Each structure stands twice: as C-alpha cells, then as structure tokens.
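Enquirer: here's a sequence, model it:
(one chain, ligands or ions: 1)
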Amino acid sequence: MKAYPVAPPWPGIKLELMEDTHFDPQLPAVELRRELGERMAAAAFNRYPDPSAPALKDMMRKTLGIDAKYEIILGSGSDEVITIISQSILAGGGAVVSLEPSFSVFKNAATAVAGRYVGVSLRADFTLDVDALLATIEREQPKLVWIVYPNNPTGNLYPDADIERVIKAAPGLVVIDEAYEAFAGRSWLARLDEFPNLVLMRTLSKIGLAGIRLGYAVGAPDWINEFNKVRGPFNVGVLQQIAAEVMLKHFDTLKHHARQMVEQRDRMFNALQKMPGVTPFPSAANFVLARFPDSAKVFDGLKARGILVRNLSALHPHMANTLRLSAGTPSEVEALLVALDGIL
Ligand SMILES: *Cc1c(COP(=O)(O)O)cnc(C)c1O
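Expert: Residues are numbered from 1 along each chain as shown. Model (predicted):
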C-alpha cells in the first residue's frame, strides 16, 4: 500500500487540495469569531462528546436539506466515513468496485480490511464506460460500489441514466460520494428513497471547512445503524461539533464562496482552453484538470513562482501530463494564469 501523499505546509499560493481560499482566517466577521470563541470556551472539555451530536445534526438537516426519514452518520472527514463503511461492509472479505482514476482512499480502506478491490477504468476522455462497469459488477458481485459525483480528479459528472443502471444492477451497497455537490448543483439526495441500496456521502471540507474535519453519510436508518456499530463511539470531538454548528449558521457565506469558486473554475477553464497545447477537461467541481505538453515542467515552473498545484500524471495511464488546479480567489487565479503564460 502507499500512504495518501500530503505535501508539507506551503507558504505561497496553494491550489492543491480544493480548499476554500476565499475563507481568510484573519477576516471572518468579528461577531463570528466571538461566537466561535465563546461557544468553544464553554465546551465541556472534560467530558466525552455526545456522539449523536443533536445540535449539529439539527443544523445540518436545516441547512443541507436532509429529511428526517434519513439517518446521518458523522466522521472526522469523509475519510473516516470511508473507513467506517469499508469496515462495516467488507469485514470478512468480498469485492469492492470503484472507477479509475478517482479518489485513491477507497482502495486503501478496502485493502486494510482485506476487501478485494477492483478498479474499472474510465474511458481515455474520462467518460463512464457503463457497460464495462456493469460487466464487472456482474462478474465480481461486489458488496460495495463507490461512485464519485462529480468525479475527483477529473471533475466530470456521469449520466444519471447510467448511474441508475449501476445502482439497480449492484447486488450490494452503492455509495455516491458528493464531496463536490456545492459546485455541481446536482445531487441524488432527492432520489435516495427510490433505491434501497443507495447511501450518499458528503463533506464540509470543500465548502470552507477542511480543517474542522467533518464528513457524513446520509441514508436509510437500516444502513446507518449498521455503520454505527463499527464507528468509534466518540469519533467527532466536541470542538469539531461546535465549530461546524457555528459555521453552518453562516451557510450563506459558505455558499457565496462556492459560487465564487465556480466563477474562478470557469475562468480557469476558458483561459486554459486558449493556451497552446493545453487541454482542460470540463469540470462541475471546484477545480480543473488539464493536460499540458510537459506537466512536470509546468509543475516545477509554477512551484518556482510560489504556486503549488497537484501533479497527478502518475495516478493512472489516462492521467499522463495532467495537473489538477483548485479554484482559488480571483487574485490567486490571476497569478496562476500569468505564471502559466510565462512557463508555456
Ligand atoms: C476531498 C474529497 C473528500 C473529502 O474528504 P474529507 O475527509 O471529508 O476532507 C471525499 N471524497 C472525495 C472524492 C474528495 O475529493
């Protein structure tokens, strides 16, 4: 196995991990900082947190539109939710299917519990080869299928009709990872009760709160109750709960940042399209994947100019010479585009 690579702290412009850089920690409104400070200072540090997190879950239901008929499980980031679901479903073995290239955490989480991981390649243009996926499901009879919608690191959405066929064909659980839902404006939440084998996973990380570490899954109580059996009983700390609850009171601000990131994403896409030899891929998320004539040279050139992006060229054969660029603030994107012009 290979550990998920995390770059050391970067003092310059960091467009690497799809963080919300519109959120300047020095600048939140004074009243927000006071509220966070007061609520945290009053927290019961000496007590274990209430794992059912009623105040936070109430706030999540209100702001994120989660109906009372669904249950919610919280994790320290969706990374932990992936571990919990993998342990719950794959304990004792069994196959798990994911598309590739996609989020690499699925494979490690499966391997760690002796699940048999089977990757299905997207086409070279990153569209979904639904027949290949359906054939793999038929052959492997997976207990678990992961679908990232829109996909990371490619940014695209798959056709709803294809996903529907996959959910219906799957003999076990299908989890749709909607980490980028805020930017895509598309979700399976409203259709969750059409499919008894479907669970959704989301995160607050891409909408401004990556540092808090709060991810969640939503689904029928029958599924979530099973996941809860393998969850560490106090997995989300009291400070995480308070910070998320207070920040979700300011959901309008977070949504505003998301809209700004979408603007910057489209600006990057349009500019990249005009650069000689560069092919950006259409994205519904808060980043753009682009193919360059020589991605290593561009990556190094950006780094020398103080800009860190993600070089994913080695992730999959289809990813050769690609870089993933997070949508930053207007001035960060300006700096990125100027730097690219200089390098190319
Ligand atoms: C960023 C991302 C996540 C979020 O992980 P957290 O642990 O919640 O920060 C989950 N899934 C995908 C596909 C992602 O790109």
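
Enquirer: determine how far stretch 31-46 lies from the middle of the whole chain.
Expert: Relative to its chain's centre, stretch 31-46 lies at 28 Å (CA atoms, centre = their mean, to the nearest Å).

Enquirer: buried residues, that stretch. List them.
Expert: For stretch 31-46, the neighbour count (16 or more other CB atoms under 10 Å) marks Glu35, Leu36 as buried. In short, each C-beta sits where N, CA and C put it, glycine included.

Enquirer: only C-alpha atoms, please: export that stretch in PDB.
Expert: Output in PDB follows, covering the C-alpha atoms of stretch 31-46 (Å, rounded to 0.1, in the frame of the first residue of the first chain):
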ATOM      1  CA  GLU A  31     -19.100  38.600  15.700                       C
ATOM      2  CA  LEU A  32     -18.500  35.200  14.200                       C
ATOM      3  CA  ARG A  33     -15.100  34.900  15.800                       C
ATOM      4  CA  ARG A  34     -16.600  36.000  19.200                       C
ATOM      5  CA  GLU A  35     -19.300  33.400  18.800                       C
ATOM      6  CA  LEU A  36     -16.800  30.600  18.000                       C
ATOM      7  CA  GLY A  37     -14.600  31.600  20.900                       C
ATOM      8  CA  GLU A  38     -17.400  31.900  23.400                       C
ATOM      9  CA  ARG A  39     -19.000  28.600  22.400                       C
ATOM     10  CA  MET A  40     -15.700  26.700  22.400                       C
ATOM     11  CA  ALA A  41     -14.600  28.300  25.800                       C
ATOM     12  CA  ALA A  42     -17.800  27.000  27.300                       C
ATOM     13  CA  ALA A  43     -17.400  23.500  25.900                       C
ATOM     14  CA  ALA A  44     -17.200  20.600  28.400                       C
ATOM     15  CA  PHE A  45     -13.500  19.600  27.600                       C
ATOM     16  CA  ASN A  46     -13.500  17.100  30.500                       C
END
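
Enquirer: mind listing what Leu312 touches?
Expert: The contact partners of Leu312, by CB atoms under 8 Å, 6 or more residues apart in numbering, come to Pro101, Pro153, Leu289, Met319, Thr322, Leu323, Arg324.

Enquirer: whoops, I mixed them up, Lys143
Expert: Lys143 touches Ile89, Leu90, Gly94, Ala95, Val96, Gly115, Pro171, Gly172, Leu173, counting by CB under 8 Å, 6+ apart.

Enquirer: one more time with 6 Å
Expert: Neighbouring residues of Lys143 by CB atoms under 6 Å, 6 or more residues apart in numbering: Ile89, Gly94, Gly172.

Enquirer: those in helices, which ones?
Expert: Ile89 (DSSP state H).

Enquirer: for the buried ones among the contacts of Lys143, write the corresponding ChimeraX selection.
Expert: To isolate the buried ones among the contacts of Lys143 in ChimeraX, judged by 16+ other CB under 10 Å, type:
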select :89,94,172
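
Enquirer: restrict the contacts of Lys143 to contacts with the ligand.
Expert: Counting by CB under 6 Å from any ligand atom, nothing from the contacts of Lys143 sits close to the ligand.

Enquirer: perfect, that will be all.
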